[in-house]
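Undergrad: Here is a sequence together with a model predicted from it:
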Amino acid sequence: MVLSPVIGKLLHKRVVLASASPRRREILSQAGLRFEVVPSRFKEKLDKAAFPTPYAYAIETAKQKALEVASRMHQKDLRAPDVVIGADTIVTIGGLILEKPADKQDAYRMLSRLNGKEHSVFTGVAIIHCCSEDGQLDTDVCEFHEETTVKFSELSEDLLWEYIDSGEPMDKAGGYGIQALGGMLVECVHGDFLNVVGFPLNHFCKKLVELYCPPRREDVQRVKHESIPPVDTFEIASDTAQGDEGCGPSRAGVDGHTGQAPAGPQGPDTNGLVENPPPFPSDLLDLIDGFKASKALFTACKLKVFDVLKEEGPLKAVDVARKINASVCGTGRLLDVCVALGLLEKTDTGYRNTRLASRHLASEGVCSLHGFVAYNDEHAWTVFTDLESAVRQGPRAAAGSPAEDPSQSRDRRLRFMRAMHGLAQLTARQVATAFDLSRFTSACDLGGCTGALARELAREYPRLKVTVFDLPEVIEHVSSFHPEGRQPERLRFVPGDFFKDDLPDAQLYVLSRILHDWADDRVHELLSRVSRSCKPGGGLLVVETALDERRAARASLPAALNALVRTQGRERSLAEYRSLLGQHGFREVQVAQAGDRLDVVLGTRASSAP
Ligand SMILES: O=c1[nH]cc([C@@H]2O[C@H](COP(=O)(O)OP(=O)(O)OP(=O)(O)O)[C@@H](O)[C@H]2O)c(=O)[nH]1
């Protein structure tokens, strides 16, 4: 296997690493890349709250670092380099973003937070292709991120201070360097180690393949016929790169529009026709193919592939086919696609689940999203087929959320509850800890469904008694979601309709993923009922995926479409939620993020009526 051809795609270009990080320089030069180092002067102080996810923040910072260098070099020489690479590494824990510590106390705060727990390290990377024409700088940005999870051991105060006094934490995200003394703090790592150190080399090489070695025309044709996208790895590209079959000049180049070979020594720049053509639109093609990937995942879940492999893997395709009662050829293809999607691994002894699949795609387990996948496959898939008419005609005139639709069959309601339960379990802890709620001694989760969030609230706050208030036909099924037996003593379920019945007494009311299901008039009706029940000093906690114009809320956009095809509801921005709470007598409104996808808004009931 020859790796250099992937990196070699950059050998004849003027490449600049826009980073002062000695680790990034080392990782890239050891990979054989030739580049100049021009540290960025971009001040890393973007407003973190303006980003939907921590990695969106890291990507934007990486991009700004690289753009600053590109434009400075362009102004100086009137010719920017061909490629500028920027990166930004952050650590996240409990919705908080940690960067480099400001001083020793700050390092101590960071390391204490990480002590004994698992956290995520994200590196955002921007690869900027520059083109100088008529004195103008034109840039094309390719960006991506990588996540690695790291778990710290339980560490004593003495050890933390000894480590801080070594001076190592000060120039490192999260206050530790995994590659040096900090490695002693780490119990385990899941994902790319180099990503933690500051640069996700593997993902970077795969991006280079996408940019410089796009699929051959025959492969693209085959995709059309077979509906299964080929997934290049950089090994594949480099293995074939020596001859005509590989990434050589005869292949389609980075210019996806014209199919011309890339500029540089292999491209046609000698006759002056093409200089620095734009990169191949890989992200766009991924977007076009995205539905095939979703359907492959749905189908593998439905056929219980991940359950079979969790219990008995690794297995050969023929054995999986027998167990799921499917054809060997079809199963083999589906398994290979799952490998390409990062859901399975292929070993000499057969296919086995990745950790992600075992954790989230098998049907059992606290983190299972199997019910959510099934709901998307059986329900959302069908309604989304009708997106065009929903866009033409406006939101469907459906009544409320699926759990509350009286026309729903028992089975469909159960499926919906299973989907919501999986999602709520996954995010409950982040929601429960987004704010310190320890001042409340009673809470009522309105439309709290199976009580996944309520249980977490009760677990997190030992003084808190939590009531789940939901429709009788929902409450009826709750026990089947908690097979381990009795509910905790401080948790009770009360049947009722929050639009019609008196709300149970509570100091804190919770509306988690409820408001987006309803049109404005119903939202006002519900909030005024909550406001009337809530005593001064009490709270209202709203949990939603908020839309925000300032951010490219990739995570919240599908939700916006959900509301269009499914109910009369709609997604709202954080400003709208703030204003709604204000209009209904809630003051001191605060906003926090719970993980990647959720926003949590907390307001305190003022003493005067709205
Ligand atoms: O285990 C480790 N974790 C992190 C690091 C180093 O931490 C910094 C992260 O900071 P940032 O991404 O802002 O990069 P800078 O060093 O400020 O350089 P730029 O000029 O690119 O902004 C990074 O250096 C990681 O390498 C580590 O070493 N080990």
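TA: Yep, that arrived. Numbers count the residues shown, from 1 in each chain.
Undergrad: give me every residue that touches the closest residue to the ligand within the chain.
TA: As assessed by CB to the nearest ligand atom, the ligand sits closest to Gly198 within the chain, at 2.6 Å. Where C-beta positions appear, they are placed from N, C-alpha and C, glycine not excepted. Contacts were defined as CB atoms under 8 Å, 6 or more residues apart in numbering; by that measure Gly198 touches Ser21, Arg23, Arg24, Ile27, Ala87, Thr89, Thr123, Ala173.
Undergrad: quick one: which of these sit in strands?
TA: Among the contacts of Gly198, the ones falling in strands (DSSP state E) are Ala87, Thr89, Thr123.
Undergrad: so the second one touches Tyr55, yeah?
TA: No - between Thr89 and Tyr55 there is no contact, the gap being 10.8 Å when judged by CB atoms under 8 Å.
Undergrad: okay, and the common contacts of those two?
TA: For the pair Thr89 and Tyr55, residues contacting each of them under the criterion CB under 8 Å, 6+ apart are Phe122.
Undergrad: Not counting its neighbours along the chain, what's nearest the residue of the chain closest to the ligand?
TA: For Gly198, ignoring the flanking residues on the chain, the nearest one in space by CB to CB, 6 or more residues apart in numbering is Arg23 at 4.3 Å.
Undergrad: Can you report how many residues lie near the one you found?
TA: Using other CB atoms under 10 Å as the criterion, Arg23 is surrounded by 20 other residues.
Undergrad: And the pLDDT for it?
TA: The score at Arg23 is 97. That number is its pLDDT.
Undergrad: That one reaches Gln179, doesn't it?
TA: Yes - with contact taken as CB under 8 Å, Arg23 and Gln179 are classed as touching, separated by 7.0 Å.
Undergrad: list residues touching both of those two?
TA: Contact criterion CB under 8 Å, 6+ apart; residues shared by Arg23 and Gln179: Val197.
Undergrad: Who has more neighbours out of Thr89 and Tyr55?
TA: A count of neighbours by other CB under 10 Å puts Thr89 above the other of Thr89 and Tyr55, at 27 against 22.
Undergrad: Dig out what the more buried one forms beta bridges with.
TA: Partner residues in beta bridges with Thr89: Thr123, with DSSP bridges as the criterion.
Undergrad: Up against the ligand, what does this structure have?
TA: Counting by CB under 6 Å from any ligand atom, the positions of the chain adjacent to the ligand are 19-21, 23-24, 39-40, 44, 65, 87-89, 100, 171-173, 176-179, 182, 196-198.
Undergrad: Quick one, which of those residues are buried?
TA: For the residues of the chain next to the ligand, a burial check counting by 16 or more other CB atoms under 10 Å picks out 19, 21, 23-24, 40, 65, 87-89, 100, 172-173, 176-179, 182, 196-198.
Undergrad: out of the contacts of Gly198, what pair is the most spread apart?
TA: Greatest spatial distance among the contacts of Gly198 (CB to CB): Ile27 and Ala173, at 14.8 Å.
Undergrad: After the helix-or-strand element of the chain with minimal mean pLDDT, which helix or strand is next?
TA: Considering only helices and strands, the least confidently modelled element of the chain by mean pLDDT, DSSP states H and E is helix 234-240, at a mean of 41. From helix 234-240 onward toward the C-terminus, using DSSP states H and E, the following helix or strand is helix 282-302.
Undergrad: And the helix or strand just after that following helix, how far out from the chain middle?
TA: Moving toward the C-terminus from helix 282-302, the next helix or strand (DSSP H and E) is helix 305-312. Per CA atoms, centre = their mean, to the nearest Å, the displacement of helix 305-312 from the mean C-alpha position of its chain is 25 Å.
Undergrad: any idea of the mean pLDDT in whichever helix or strand comes after helix 305-312?
TA: Beyond helix 305-312 on the C-terminal side, the first helix or strand identified by DSSP H and E is helix 317-324. When pLDDT is averaged along helix 317-324, the result is 95.
Undergrad: Next, the buried residues of helix 317-324.
TA: For helix 317-324, by 16+ other CB under 10 Å, it's Ala317, Asp319, Val320, Ala321, Lys323, Ile324.
Undergrad: Using CSV, list the CA coordinates for that helix.
TA: Below are the C-alpha coordinates for helix 317-324, written out as CSV (Å, rounded to 0.1, in the frame of the first residue of the first chain):
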residue,chain,number,x,y,z
ALA,A,317,-22.4,-12.4,5.2
VAL,A,318,-23.8,-15.9,4.5
ASP,A,319,-24.5,-16.4,8.2
VAL,A,320,-26.0,-13.0,8.7
ALA,A,321,-28.2,-13.7,5.6
ARG,A,322,-29.4,-17.0,7.2
LYS,A,323,-30.2,-15.3,10.5
ILE,A,324,-32.1,-12.4,9.0
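Undergrad: Which SSE is immediately downstream of that helix?
TA: Reading on from helix 317-324 to the C-terminus, the next helix or strand found by DSSP H and E is helix 328-340.
Undergrad: helices or strands up against that following helix?
TA: In terms of contacts (3 or more CB pairs under 8 Å, 6 or more residues apart in numbering; DSSP states H and E), helix 328-340 is packed against helix 282-302, helix 305-312, helix 317-324, strand 344-347, strand 350-353.
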